[in-house]
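In: after the sequence you'll find the predicted model.
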Amino acid sequence: MSGFRSVYPLSQRQYYKPNELIDFVLSFDGEEIMMNTFALVGRVEVLDAVGDPYTSYDDVSRDPKVGHHSYWSTITSSSSAKGLIETFSNYPRFIKMHSDATMDNVGMACETPTACEGRSSNVIQQNSYSVLDEDPTIGYVAEMFCVKPRICLNLTGGNLRSDVFGQLFIKLQTAPARQVLSGSVAGIENFSYRISDLQLLYQVQPLASAKPQPLTMQTYTTAPALVNTNESN
C-alpha cells in the first residue's frame, strides 16, 4: 500500500545533543521507497550558557544559507545488500556552497530567506512567533523543522527497491555547537542546542513486478587538501 512512513531513531532519547550518533534502520520488505522522498523532521531549542532555552532577542545566529541542515556534521548511508554507499562528512559546508552557487527556477519561485523556511540569521527572530506566549501555561515552544538532506538516497534516478537494497541504514552525527551557533552574546562559546521528536519520513509503494533496472545515484566524497610551502605545512 502506498503512503508515507516515519521511523524513529534506533535508540530513542528525549533529546539529541551535539556530538552524538543517531541511527535509523529502514525495513521495507515487498515495497520500494519512492525516489528522493527522505526528510528529517523534529524540534530544536537553542540553550544558553546555563542550559536553559534561550529566549532573548540578543544576537545568536545560525548561518541562514545552511539553516537546519547545520545540525548534521556527517551522514552515512548504507544497506544490508550493498554495504557502505556514502559517507558525507563536512555536510553543512557543502550545503553552504550549494546555496551560494545554485538557485533553480522552482526555488526562486517558492523560497524566501525568511523565518518560514528556517533560514533567518537570528535564531530568535526566526522563532519569535512561538518563543514567548501570553498564556503562561504554554510558555516556550521549541522550533519545528523539516529538511530534505542532500544525500545519495535523495539523489537517485529511480526508486529504492527492497529486493535490491534490503534494509537501509542512515547514521547521523550531530555537529558541535560551535559549528552551528555564533553571535556577539557574552558566553556564546558555552551555548548549545538540543533536538527532540526526531523522525525520518519517506514515501513507499508496492514493489514493482518488473525486473530491477540499473539505478543511478549521486554521491559525494570529501577530499582534504594539503598545502606544502617553504613557510608552512
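Out: That came in fine, so what should we check first? Numbers count the residues shown, from 1 in each chain.

In: wait, residue 192 sits on residue 20?
Out: No - assessed by Cβ atoms under 8 Å, residue 192 is found out of contact with residue 20, at 11.6 Å. Placement of C-beta: from N, CA and C, glycine included.

In: neighbour-wise, which of those two wins?
Out: Using other Cβ atoms under 10 Å, the more surrounded residue of residue 192 and residue 20 is residue 192, with 18 against 15.

In: got a list of what that one touches?
Out: Going by Cβ atoms under 8 Å, 6 or more residues apart in numbering, residue 192 touches 17, 18, 46, 47, 51, 177, 181.

In: could you name every residue contacting both of residue 192 and residue 20?
Out: Between them, residue 192 and residue 20 share no contacting residue, judged by Cβ under 8 Å, 6+ apart.

In: got the residue ranges for the strands in the chain?
Out: For the chain, the strands defined by DSSP state E cover 3-7, 21-26, 31-33, 39-47, 60-61, 72-79, 83-89, 143-147, 160-161, 168-174, 182-183, 192-206.

In: count of neighbours near residue 90?
Out: Residue 90: 15 surrounding residues under other Cβ under 10 Å.

In: sorry, that was for residue 231
Out: By other Cβ under 10 Å, neighbour count at residue 231 equals 6.

In: give me the neighbour count for the residue lying closest to residue 193 once chain neighbours are set aside.
Out: Distances taken as Cβ to Cβ, 6 or more residues apart in numbering put residue 46 closest to residue 193, at 5.3 Å, once the chain neighbours are dropped. Burial of residue 46 is recorded as 24 neighbouring residues (other Cβ under 10 Å).

In: okay, and for this structure, where does confidence drop off?
Out: 1, 57, 103-141, 232-233 (pLDDT under 70).

In: closest one to residue 230 among the strands of the chain?
Out: strand 83-89 (30.3 Å; Cβ to Cβ).

In: between that closest one and strand 168-174, how big is the angle?
Out: 20 degrees (axes from the mean of the first three to the mean of the last three Cα atoms, to 10 degrees).

In: relative to strand 83-89, what are the paired strands and their orientations?
Out: strand 72-79 (antiparallel) (DSSP bridges).

In: so what touches the strand it pairs with?
Out: Applying Cβ under 8 Å, 6+ apart, the contact partners of strand 72-79 are 40, 84-92, 149, 151-153, 165-176, 179.

In: and residue 86, how far from residue 218?
Out: Residue 86 is 9 Å from residue 218, where distance means Cβ to Cβ, to the nearest Å.

In: list the contacts of residue 219.
Out: With contact taken as Cβ under 8 Å, 6+ apart, residue 219 is in contact with 85, 86, 88, 152, 155.

In: now which of those would you call buried?
Out: Buried residues within those, counting neighbours by 16 or more other Cβ atoms under 10 Å: 85, 86, 88, 152, 155.

In: in the top helix by length along the chain, what counts as buried?
Out: Counting by DSSP state H, the longest helix found in the chain is helix 91-101. Within helix 91-101, the residues scored as buried using 16+ other Cβ under 10 Å are 91, 92, 94, 95, 96, 99.
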